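Q: Sequence isn't available, so here's the structure alone:
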């Protein structure tokens, strides 16, 4: 049993206190997308721009990007693209794998981006989102804030569960 | 897609004087990040930028940007937070700035994010982190590269003049 499952089991057994709901204006969900997470060589000038250029030249829409340096100094680049363009994206990146220096590559063929708004840069909104999802066994693949929303990428099979627990954690109009 | 010159964006929103905190390899468990967010909430500190990603082996990476003034206030308590979160590394970058580019519909125009990233890279601007969702892209860059970034973005997209909010 993983550490996460053990923690969940203990919390279910002892019962976790129910915090007060946070009022938000709404929850949005994207069409079905595919996610790709690439591990690229780090450094101040990484190959993220080149990856995006390759995808752009193949008319691949990119609806979500998370980019940061990981603990090993590599660049982690998570992208969500239209699901029907996943093969195009993979094939185009395969061709340039060596020149782009792609060190690792993970994809999920069907994901949804769920966004809650407004975020208003409030720490407790992000915390409630993370905790509500993980307490219910939903592990977001990637999360970010942009403008007034906080968005997370969730596997399609977990979307109903994710929406239900968010509706329970937040107060909607 | 059309030429870059045709892509009009809203005035840039730039937040300067920030600190980026990277909490790396936090165990994936419910409430793992609560000590940090509770601390920020208790002190009324706004989260200017946030991304979370998978670090492998049931671990997560969490990157946030907060005002450097707030970071100075919270710094004495951060070690305790780090321990409670069981994070394996905390990396700091300061001063940084967050530039928000809003409007060019990254989702319906293939190549738009490539235009942005390519232009910044050619100008030797370091993008520490980026969060892009639909119409908005937020880049964390070194604070001393803000003026260059503004010029580069101004050449790449059509930015309304005299309306930049800081």
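A: Sure, I can see it. Worth saying up front: this structure is predicted, and the values here are computed from it rather than measured.
Q: Spell out the residue ranges of the helices in the chain.
A: Assuming you mean chain A. Taking DSSP state H, the helices of chain A run over residues A:3-14, A:48-57, A:86-95, A:97-100, A:123-135, A:159-169.
Q: wait, I meant chain B there
A: Here chain B has its helices, by DSSP H, at B:34-42, B:68-85, B:112-122, B:146-156.
Q: looking at the ones you listed, which is buried most?
A: helix B:112-122 (a mean of 22; mean count of other Cβ atoms under 10 Å in any protein chain shown). For the C-beta atoms, the positions are set from N, CA and C on the backbone; glycine is no exception.
Q: check contacts around the residue of chain A found nearest chain B.
A: Evaluated by Cβ to the nearest Cβ, chain A has residue A:56 as its residue closest to chain B, separated by 3.0 Å. Neighbouring residues of residue A:56 by Cβ atoms under 8 Å, 6 or more residues apart in numbering or on different chains: B:110, B:111, B:112, B:113, B:114, B:115.
Q: redo that, cut-off 6 Å
A: Contacts for residue A:56 were tallied using Cβ atoms under 6 Å, 6 or more residues apart in numbering or on different chains; they are B:110, B:111, B:114.
Q: and the first one, what is it in contact with?
A: Think residue B:110. Contacts for residue B:110 were tallied using Cβ under 6 Å, 6+ apart; they are A:56, A:59, A:60, A:61.
Q: returning to what we had before: columns distance to residue A:92 and mean pLDDT on top of the helices of chain B, output as JSON lines?
A: Compiled in JSON lines, the helices of chain B are given as follows (distance: least, Cβ to Cβ, whole Å; pLDDT from 0 to 100):
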{"stretch": "helix B:34-42", "distance to residue A:92": "38", "mean pLDDT": "96"}
{"stretch": "helix B:68-85", "distance to residue A:92": "38", "mean pLDDT": "96"}
{"stretch": "helix B:112-122", "distance to residue A:92": "12", "mean pLDDT": "93"}
{"stretch": "helix B:146-156", "distance to residue A:92": "23", "mean pLDDT": "95"}
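Q: is it possible to export the ones you listed to TSV including distance to chain A?
A: Converted to TSV, those look like this (distance: least, Cβ to the nearest Cβ, whole Å):
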stretch	distance to chain A
helix B:34-42	4
helix B:68-85	11
helix B:112-122	4
helix B:146-156	12
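Q: For residue A:121, which of these is the nearest?
A: Taking Cβ to Cβ as the criterion, residue A:121 comes closest to helix B:34-42 out of the helices of chain B, the separation being 9.7 Å.
Q: which of the contacts of residue B:110 are buried?
A: Among the contacts of residue B:110, those buried by neighbour count (16 or more other Cβ atoms under 10 Å in any protein chain shown) are A:56, A:60, A:61.
Q: And the residues you listed, which is the shakiest by pLDDT?
A: Looking at the buried ones among the contacts of residue B:110 by pLDDT, the weakest one is residue A:61, with 89.
Q: show me the contacts for the residue most central in space within chain B.
A: Nearest to the geometric centre of chain B sits residue B:140, at 4.0 Å (Cα atoms, centre = their mean). Applying Cβ under 6 Å, 6+ apart, we find residue B:140 in contact with B:20, B:49, B:96, B:98, B:128, B:129.
Q: Looking at the residues you listed, spot the one nearest chain A.
A: Closest approach to chain A among these (Cβ to the nearest Cβ): residue B:129, at 4.4 Å.
Q: burial count for that closest one?
A: A total of 26 residues lie near residue B:129 under the criterion other Cβ atoms under 10 Å in any protein chain shown.
Q: what about residue B:132, neighbour count?
A: A count of neighbours around residue B:132, defined by other Cβ under 10 Å, yields 28.
Q: next one: the one 10 residues further on
A: As a burial measure, residue B:142 scores 18 neighbours (other Cβ under 10 Å).
Q: Could you measure from residue B:80 over to residue B:89?
A: Relative to residue B:89, residue B:80 is positioned 16 Å away (Cβ to Cβ, to the nearest Å).
Q: No further queries at this time; thank you.
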